[in-house]
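>>> Return atomic coordinates for the entry below.
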Amino acid sequence: MKIVIIGGVAGGASAAARLRRLDENTQIIVLEKSGFVSYANCGLPYYIGGVIEDKSALSVQTPKSLWDRFKIDVRIHAEVVSIDKENKKVTVKNLVNGDEYIENYDKLIIATGARPVIPELPNVNNPKIMTLRTVEDTYKIKDFMLQNKPRKAVVIGGGFIGLETAENLIESGIDTTLIQRSSHVMTPLDYDMACQIHTYLRTKGMHLLLNTNVKGFIEKENGLEIELENKETINADFVVLAIGVLPESELAQSAGLKTGVKGAIVVNEKMETSDHDIYAVGDVAQVHHLVTKEETVIALAGPANKQGRIAANNICGIKSSYKDTLGASVIKLFDMTSASTGLNETAAKAAGLRFDKVVLFSSNHAAYYPDSTNMTIKVLFLPETGEIIGAQIVGFDGVDKRIDVLSALIRMGAKAVDLEDIELAYAPPYSSAKDPVNMAGFVIENIRKNLVKQFHWHDLNNLPDNAVCLDIRSEQEFKNGHLPRAINIPLNTLRERLSELDKSKTLYVNCYSGLRSYIACRILSQNGFDCYNFSGGYHFYETITSAKSVFENVYPCGIKKTQLS
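Predicted coordinates:
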């Protein structure tokens, strides 16, 4: 059997290696149009910043190493220009000399990945405007930096690549501005969770322009001018475009294969396309979302590698299925970590789900053990069943551990009671006796069992006329900042001061993190008061409202300053 693979990075390389491990006699050809195979896309920004110093470290394998170990015929600078599925052959162009030739196949795997989105803007093709998707792109940016010693850079796009690139440019000593078209960076996160990142990035020297559209570019003697809608022009020595990617599926479309969301190739659970002798894996393939049950596209290395393995299994007669996706992801931003899995609020609303959420502020390990740091955890769930449908975490140490646990639980169909019950390893340097994952389960179940009601930061403008905001923190905490129109009765004196409160009015209770105010709500509700606990506490509220917009008289949460005065 002869198997041809178009694309030799994550999915393609994974499929090739698995095919050889399963069948010593199959002829395997990998056709890669770039000059590198099996390279670490996710590591490219870190070469720009000097974290990865050795060029060769970016390539997990080379054409020679793949031949020496697996006897896989890897051809770089080999672009497939057409697929003839009726006659089972592809036309290949040698990008070095321009020659074309025909390659037949018994089975074909398309692993062409995704291409950067290039907006149609004036002068967008200027050589000082670059993208970051391949090793060649990385070398181009790095060489520009070494040769021109730039002082200012602009990164357009606040996703994974954009943020990692901006971070590494700042670490290289370059004054960097990041422009994001929407209201917040990291779209897998909700707006309120991203506000923490905004504040932190600005403390690290990043100029962050949100809700900002780029109109075009003008070449000047001293660099580039970036024209912005309704904002002043900014200058830079070079620009990195990182506004997103789209499936590189033109070959499949021209061959008549069925495509779907964003042009991605439609596949079944075996990774077969509409032609059963052609498979598609990685960023070019459409996937099924585990929670929404809808078709989507998720460009991540983990799913791509798994899909390559699954395609190889099925080609070799081993039944194997791709079990949907959650889009679990994590990113390092200087010392901060942001992670998510499953649905955020935007996606849950779009899917028509009736959901609720909890926000916790928890230590990464026992608070009494040195160097503990806090993380903000947001978990989405279905109120009727307690099923967990999504989670987001922003913090420092221990974020990756918790998101992995939550992601695994969501895949298993876990409910809040499962978060309560799950047994996780504990020692003071690593966790708490009640891990933050357990705590999320406790909070959700308290709500579902009507032990406490909650309200959120975005509810502040819509509280009823008889509302009383009760802050149960210490007097000094209250003096340092509090909710508008709040009154202060510290928790430890609450029982003795109940007579100061009017039972005909609804109490909206807050503390720093939501824990003390929960205790207060239990005291109040058992004494005949109607009360709500402030989700996430004053800390969460303060994080959102302190990340003030530079250009608008609003907070990033969308509340006008005058509304909260």
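>>> Grab the nearest non-local neighbour of residue 117.
Excluding the flanking residues, the one nearest residue 117 by CB to CB, 6 or more residues apart in numbering is residue 244, at 4.6 Å. (C-beta placed from N, C-alpha, C; glycine too.)
>>> give me the number of residues near the closest residue to residue 228 other than its chain neighbours?
Nearest non-adjacent residue to residue 228, counting by CB to CB, 6+ apart: residue 212, 5.7 Å away. Neighbours of residue 212 under the rule other CB atoms under 10 Å: 21.
>>> Now do the helices in the stretch 401-550 of the chain.
For the stretch 401-550 of the chain, the helices defined by DSSP state H, counting those that start in this stretch occupy 416-421, 436-448, 475-479, 515-525, 537-546.
>>> could you say what helices and strands the first one packs with?
Put plainly, it is helix 416-421. strand 388-395, helix 399-411, helix 436-448 (3 or more CB pairs under 8 Å, 6 or more residues apart in numbering; DSSP states H and E).
>>> Pipe the ones you listed into TSV and attach distance to residue 5, mean pLDDT and mean neighbour count per row.
Shown next, in TSV, are those (distance: least, CB to CB, whole Å; pLDDT from 0 to 100; neighbours: other CB atoms under 10 Å):
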stretch	distance to residue 5	mean pLDDT	mean neighbour count
strand 388-395	34	98	26
helix 399-411	28	97	20
helix 436-448	40	97	22
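>>> which one of the ones you listed lies closest to residue 380?
strand 388-395 (4.1 Å; CB to CB).
>>> strand partners of that closest one, parallel vs antiparallel please.
strand 336-342 (antiparallel), strand 374-381 (antiparallel) (DSSP bridges).
>>> residues of the longest one that come out buried?
Of the residues in strand 374-381, those with enough neighbours to count as buried (16 or more other CB atoms under 10 Å) are 374, 375, 376, 377, 378, 379, 380, 381.
>>> Which of these lies at the shortest distance from residue 343?
For the buried residues of strand 374-381, the nearest to residue 343 is residue 380 (6.1 Å; CB to CB).
>>> I figured the closest one hits residue 406, correct?
No - applying CB atoms under 8 Å, one finds residue 380 not in contact with residue 406, separated by 10.6 Å.
>>> so what sits against both of the two?
388, 391 (CB atoms under 8 Å, 6 or more residues apart in numbering).
>>> Nearest the middle, which residue of this protein would you pick?
By CA atoms, centre = their mean, the chain has its centre lying nearest to residue 188, at 4.6 Å.
>>> which residues touch the residue nearest to it when sequence neighbours are not counted?
Spatially, and ignoring its direct neighbours in sequence, residue 188 is nearest to residue 340 (4.3 Å; CB to CB, 6+ apart). Going by CB under 8 Å, 6+ apart, residue 340 touches 186, 188, 189, 327, 328, 329, 390, 391, 392, 393, 403.
>>> and if we set it to 7 Å?
Residue 340 sits next to 188, 189, 329, 391, 392, 403 when contact means CB atoms under 7 Å, 6 or more residues apart in numbering.
>>> So for it, what's the pLDDT?
Listed pLDDT for residue 340 reads 97.
>>> what are the bridge partners for it, then?
Under the criterion used (DSSP bridges), residue 340 bridges to residue 329, residue 392.
>>> counting contacts, what elements does the lowest-mean-pLDDT helix or strand in the chain pack onto?
None of the helices or strands of the chain scores lower by mean pLDDT, DSSP states H and E than helix 44-48, at a mean of 90. The contact analysis (3 or more CB pairs under 7 Å, 6 or more residues apart in numbering; DSSP states H and E) places helix 44-48 against helix 135-148, helix 160-171.
>>> tell me the angle the last one makes with strand 336-342.
Same thing as helix 160-171. 180 degrees (axes from the mean of the first three to the mean of the last three CA atoms, to 10 degrees).
>>> now do the longest one
For helix 135-148 against strand 336-342, the angle between stretch directions is 160 degrees (the same axes, to 10 degrees).
>>> From the contact counts, what lies against helix 135-148?
Taking 3+ CB pairs under 7 Å, 6+ apart as the contact cut, helix 135-148 packs with helix 44-48, strand 129-131.
>>> Contacts for that helix next, please.
34-36, 39, 44, 47-48, 58, 130-132, 172, 237-238, 240.
>>> same thing but 8 Å
Here helix 135-148 makes contact (CB under 8 Å, 6+ apart) with 34-36, 39, 44, 47-48, 55, 58-59, 128, 130-132, 150, 172, 174, 237-238, 240.
>>> Weed out the non-buried ones from the residues you listed.
34, 36, 39, 44, 47-48, 58-59, 128, 130-132, 150, 174, 237-238, 240.
>>> Could you list the low-confidence segments of this protein?
547-565 (pLDDT under 70).
>>> Report the contact partners of the residue of it most remote from its centre.
Largest separation from the mean C-alpha position in the chain: residue 499, at 48.7 Å (CA atoms, centre = their mean). Residue 499 makes no contacts at all, as judged by CB under 8 Å, 6+ apart.
>>> if I look at it, how far off is residue 489?
11 Å (CB to CB, to the nearest Å).
>>> returning to what we had before: make JSON lines out of the strands paired with strand 388-395 and add distance to residue 537.
As requested, these are exported to JSON lines (distance: least, CB to CB, whole Å):
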{"stretch": "strand 336-342", "distance to residue 537": "20"}
{"stretch": "strand 374-381", "distance to residue 537": "10"}
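>>> Which one, of those, ends up nearest to residue 484?
By CB to CB (comparing all of the strands paired with strand 388-395), the closest turns out to be strand 374-381, at 22.3 Å.
>>> how far does that closest one sit from the chain's center?
From the chain centre to the centre of strand 374-381 is a distance of 15 Å (CA atoms, centre = their mean, to the nearest Å).
>>> same deal with stretch 101-110?
Its chain's C-alpha centre and that of stretch 101-110 lie 35 Å apart, by CA atoms, centre = their mean.
>>> And stretch 446-462, by the same measure?
Mean C-alpha position of stretch 446-462 versus that of the full chain (CA atoms, centre = their mean) differs by 27 Å.
>>> Ok, stretch 458-476 next?
Put simply, stretch 458-476 sits 33 Å off its chain's centre (CA atoms, centre = their mean).
>>> Now it - C-alpha only, PDB.
In PDB, the C-alpha atoms belonging to stretch 458-476 read as follows (Å, rounded to 0.1, in the frame of the first residue of the first chain):
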ATOM      1  CA  HIS A 458     -23.100  42.900  35.900                       C
ATOM      2  CA  ASP A 459     -26.200  42.800  38.000                       C
ATOM      3  CA  LEU A 460     -25.200  46.000  40.000                       C
ATOM      4  CA  ASN A 461     -27.100  48.300  37.700                       C
ATOM      5  CA  ASN A 462     -30.300  46.300  37.900                       C
ATOM      6  CA  LEU A 463     -30.700  45.800  41.700                       C
ATOM      7  CA  PRO A 464     -34.300  46.300  43.000                       C
ATOM      8  CA  ASP A 465     -35.300  49.600  44.600                       C
ATOM      9  CA  ASN A 466     -35.400  48.000  48.100                       C
ATOM     10  CA  ALA A 467     -31.800  46.600  47.700                       C
ATOM     11  CA  VAL A 468     -29.200  47.100  50.400                       C
ATOM     12  CA  CYS A 469     -25.600  46.400  49.600                       C
ATOM     13  CA  LEU A 470     -24.000  45.000  52.800                       C
ATOM     14  CA  ASP A 471     -20.200  44.700  53.000                       C
ATOM     15  CA  ILE A 472     -19.200  42.400  55.800                       C
ATOM     16  CA  ARG A 473     -15.400  43.000  55.500                       C
ATOM     17  CA  SER A 474     -13.400  44.700  58.200                       C
ATOM     18  CA  GLU A 475     -13.700  48.500  58.600                       C
ATOM     19  CA  GLN A 476     -10.300  49.000  57.200                       C
END
